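# Generate coordinates for the sequence data below:
(chains A and B)
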Amino acid sequence: MLRYTLCSKGWSLRHPSRILQTYRNFSSGNRKYATTHEWIKVEDNVGTVGISKHAAEELGEVVYVDLPEKGLDLEAKSTFGAVESVKAASDVYSPVSGQVLDINSKLQEDPSLINKDSLGEGWLIKLKIQNPKELDQLMDEVAYLETTQEKSSH
Amino acid sequence: MCLCYFTTSRNVFKNLATEEFFLKCFENNILLFYCNSASVVVGRNQNIFKEVNVEFCGSNGLCIARRRSGGGCVYHDLGNLNVSLITTRRKFSKTRLLECIQSALQKDFHIPVHISERNDLRLFDRKVAGSAYRITAERAYHHTTLLVQADLWRLEEALHCSEKFTVETKATESIRSKVCNLTEYKRSLHIMDICRAISKEWYSQSLKVVPEQGFMLFDNDDIGRLSSQIEKEYKQLNSVQWIWGEGPAYSLRCHLLFRWGFIDMSLRVEKGNRIIGVDMHSASGIPFHLRESMTQAMIGLNCLGNVLRDRIIELTKNEGKNYGEQFQEIATWFLSNLPTLGNIERAGNINIQNEYRR
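All right, here's what the predicted structure looks like:
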């Protein structure tokens, strides 16, 4: 979609690639995605992990979330629990290696937080990151969204 | 290329392990059929006490298993056919298998089953098959249990919470439905004929030429000879840690009634099946200080009948020596009403770790 922007010279057409650039800078922040549909957002070497909006929509209404114990050491790409949605148990995988610092206990009372706000209140675990370089192997938001669109066109 | 297999084993743990093996170690689409001898299978995140009459299963030789897919509790016996469609995650569909089974039953046997909103198969208003799913990074499966000629009386007796307990938990609950067997509609049905019809229908949907053979037998009786991966799955699925410890935390309110008094207590059990708290709501016939000793003694133990029995008997050697008879009866109550290692071992060649004896 073409957009116009107001600058000192008046209204001008924004080049589509610049829109993409702006989107990239604005929305991805420091959120990265794994091919298995988990996201991770890092602050001060602590990564918050959840599942993507796309994954939450595909699953349907979440009825139970099976989370690990605090203190557990996870390897990148290993499974740390499962999300159950109307008869389907879907494994969730750690995007990077780390130690589980915290789990979202609100999900025990209200598992549907994952459907309502998968990128925010529906977070699953917090990890102490062991190897920050592993984050470079993950996708940014735009690249991840492109992969989900490819899959839906199959 | 799709492969159709029927397993030779009737052991629920071996068959679930075989399913996991095909999920994790193969790339092909696989249609897997299996039958289990009398057993009850709970969903991954369910509480066994809430769903199953543990005492009935123990005294009638039914195995209790926990599968890796979601959904509710089901009864299996040799009159029940399990069908599992294992594919890549990309090709996963919640309905494709049911559509195939529906088509096969209609074309070959003129049984008018329909697919419900909850992805069950129904014959008029009765459920004949339920569904459950498991999704991993690369692969997924949809499996269903088809009631052909199952023992519906045992199903009814096994699939409910015992009156002796009240369970509080966040575990997923089963949705109860009225069920019936396919043979109530068509008497001369045979499980093998149904398998042939389903595999023929599956092949005709996927390939241009339908192989004459239909399905092949997969010998999984001797798990150890197959592969270390399938043996590893088997050991995990039939371990006490998985079956009794994997479910969510729960609170088990027990009503113990004796001729000399009663005890009304709750055991708070964490995931992993360890007792983290005991609340004695009321009791008679046991003095207060002994109730305290009993509750303290139970904390940290595994919530298994023989474990609690042994601990209560120990108390009679010291604090409880003047109340030996009462403590003996309490110990026997736990042994009779909670799952015990004896029952679990008898049920399915369970791999007992030493810590569960404490």
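
# hey, let's count contacts and neighbours off CA atoms from now on
Noted.

# Up against chain A, what does the stretch 101-250 of chain B have?
Residues of the stretch 101-250 of chain B that fall close to chain A, judged by C-alpha under 8 Å from any C-alpha of the partner chain: B:131, B:132, B:133, B:134, B:135, B:136, B:137, B:170, B:171, B:172, B:248.

# same thing but 6 Å
Counting by C-alpha under 6 Å from any C-alpha of the partner chain, the stretch 101-250 of chain B comes close to chain A at B:132, B:133, B:134, B:135, B:136, B:137.

# Lowest-confidence one in these?
Of all those, residue B:137 has the smallest pLDDT value, namely 93.

# how many other residues sit next to residue A:78?
14 (other C-alpha atoms under 10 Å in any protein chain shown).

# All the helices of the chain, residue numbers only.
All of this refers to chain A. Per DSSP state H, chain A carries helices over the ranges A:16-27, A:53-59, A:106-109, A:113-116, A:141-152.

# You answered for a different chain; I wanted chain B.
Using DSSP H, helices in chain B cover B:12-25, B:48-51, B:54-59, B:96-109, B:152-158, B:191-206, B:223-226, B:228-237, B:240-243, B:288-298, B:305-315, B:324-337, B:341-348.

# Which one of the ones you listed lies nearest to residue A:103?
helix B:240-243 (21.2 Å; C-alpha to C-alpha).

# That closest one - what's its average pLDDT?
90.

# hmm, who's touching that helix?
residue B:66 (C-alpha atoms under 6 Å, 6 or more residues apart in numbering or on different chains).

# give me that answer again for 7 Å
If you take C-alpha atoms under 7 Å, 6 or more residues apart in numbering or on different chains as the criterion, helix B:240-243 is touched by B:65, B:66, B:236, B:272, B:352.

# Just put these in CSV and tack on pLDDT and neighbour count.
Shown next, in CSV, are the contacts of helix B:240-243 (pLDDT from 0 to 100; neighbours: other C-alpha atoms under 10 Å in any protein chain shown):
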residue, pLDDT, neighbour count
B:65, 96, 26
B:66, 97, 27
B:236, 93, 17
B:272, 89, 18
B:352, 42, 16
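
# Flag the shaky bits of chain B, pLDDT-wise.
B:1, B:208-213, B:320, B:341-358 (pLDDT under 70).

# Quickly list the domain ranges of it.
For chain B, automatic domain parsing gives the domain ranges B:2-238, B:250-344+B:352-357.

# Model confidence score at residue A:24, please.
On the pLDDT scale, residue A:24 is placed at 41.

# hang on, the earlier thing: from the contacts of helix B:240-243, which single one is nearest residue B:147?
For the contacts of helix B:240-243, the residue nearest residue B:147 by C-alpha to C-alpha is residue B:65; the value is 18.4 Å.

# Spit out the contact partners of that closest one.
Residue B:65 neighbours (C-alpha under 7 Å, 6+ apart): B:40, B:41, B:42, B:243.

# Narrow these to those in strands?
B:40, B:41, B:42 (DSSP state E).

# Closest one to residue B:31 out of those residues, please.
residue B:41 (20.2 Å).

# what about the nearest residue to residue B:85 once chain neighbours are set aside, how many neighbours?
What sits nearest to residue B:85 in space, not counting adjacent residues and going by C-alpha to C-alpha, 6 or more residues apart in numbering or on different chains, is residue B:31, at 4.7 Å. Look at residue B:31: counted by other C-alpha under 10 Å, it has 26 neighbours.

# Is residue B:31 in contact with residue B:4, as I believe?
Yes - the criterion here is C-alpha atoms under 7 Å, and residue B:31 meets it with residue B:4 at 4.7 Å.

# and the closest residue to residue A:116 other than its chain neighbours, how many neighbours?
Counting by C-alpha to C-alpha, 6+ apart, residue A:122 is the residue found nearest to residue A:116 once chain neighbours are left out, at 7.5 Å. By the criterion of other C-alpha under 10 Å, residue A:122 has 23 neighbours.

# Centre-most residue in chain A?
residue A:39 (2.3 Å; C-alpha atoms, centre = their mean).

# Of the residues of the stretch 101-250 of chain B next to chain A, which belong to strands?
Those of these lying in strands (DSSP E): B:132, B:133, B:134, B:135.

# residue contacts, the first one?
I take that to be residue B:132. Contacts of residue B:132 (C-alpha under 7 Å, 6+ apart): A:87, A:88, B:69, B:70, B:71, B:142, B:143, B:144.

# let's see 6 Å
A:87, A:88, B:69, B:70, B:71, B:142, B:143.

# Now list the buried members of those.
A:87, A:88, B:69, B:70, B:71, B:142, B:143 (16 or more other C-alpha atoms under 10 Å in any protein chain shown).

# on that earlier part again, looking at the helices of chain A, which has the lowest confidence?
helix A:16-27 - the lowest mean pLDDT of those, at a mean of 42.

# Find the closest residue to chain B in chain A.
residue A:87 (3.7 Å; C-alpha to the nearest C-alpha).

# Look up how far residue B:71 lies from residue B:130.
9 Å (C-alpha to C-alpha, to the nearest Å).

# List of residues touching stretch A:35-52?
With C-alpha under 6 Å, 6+ apart, stretch A:35-52 has contacts from A:30, A:31, A:32, A:33, A:123, A:124, A:125, A:126, A:127, A:128, A:129, B:137.

# Can you give me the neighbour number for the closest residue to the last one other than its chain neighbours?
Distances taken as C-alpha to C-alpha, 6+ apart place residue A:36 nearest to residue B:137, at 5.7 Å, with adjacent residues excluded. The local packing of residue A:36 (other C-alpha under 10 Å) involves 18 other residues.

# Which residues of chain A lie near chain B?
A:36, A:87, A:88, A:89, A:90, A:91.

# Let me have the residues you listed in TSV, extended by pLDDT.
Output for the residues of chain A next to chain B, formatted as TSV (pLDDT from 0 to 100):
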residue	pLDDT
A:36	95
A:87	88
A:88	93
A:89	95
A:90	96
A:91	96
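
# and the residues you listed, which of them are in strands?
Using DSSP E, the residues of chain A next to chain B in strands are A:88, A:89, A:90, A:91.

# follow-up on the earlier one: with distance to residue A:44 as new columns, can the helices of chain B be given to me in JSON lines?
JSON lines is the format used below for those (distance: least, C-alpha to C-alpha, whole Å):
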{"stretch": "helix B:12-25", "distance to residue A:44": "36"}
{"stretch": "helix B:48-51", "distance to residue A:44": "42"}
{"stretch": "helix B:54-59", "distance to residue A:44": "49"}
{"stretch": "helix B:96-109", "distance to residue A:44": "46"}
{"stretch": "helix B:152-158", "distance to residue A:44": "52"}
{"stretch": "helix B:191-206", "distance to residue A:44": "52"}
{"stretch": "helix B:223-226", "distance to residue A:44": "48"}
{"stretch": "helix B:228-237", "distance to residue A:44": "37"}
{"stretch": "helix B:240-243", "distance to residue A:44": "36"}
{"stretch": "helix B:288-298", "distance to residue A:44": "42"}
{"stretch": "helix B:305-315", "distance to residue A:44": "46"}
{"stretch": "helix B:324-337", "distance to residue A:44": "50"}
{"stretch": "helix B:341-348", "distance to residue A:44": "47"}
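
# Burial check on the nearest residue to residue B:202 once chain neighbours are set aside, number of neighbours?
Residue nearest to residue B:202 in three dimensions, not counting chain neighbours: residue B:100, with 6.3 Å by C-alpha to C-alpha, 6+ apart. Using other C-alpha under 10 Å, residue B:100 has 20 other residues around it.

# Skipping adjacent residues, who's closest to whichever residue of the stretch 201-350 of chain B sits closest to chain A in space?
Residue of the stretch 201-350 of chain B nearest chain A, by C-alpha to the nearest C-alpha: residue B:248 (7.9 Å). Of all residues not flanking residue B:248 in the chain, residue B:271 sits nearest, at 5.1 Å (C-alpha to C-alpha, 6+ apart).
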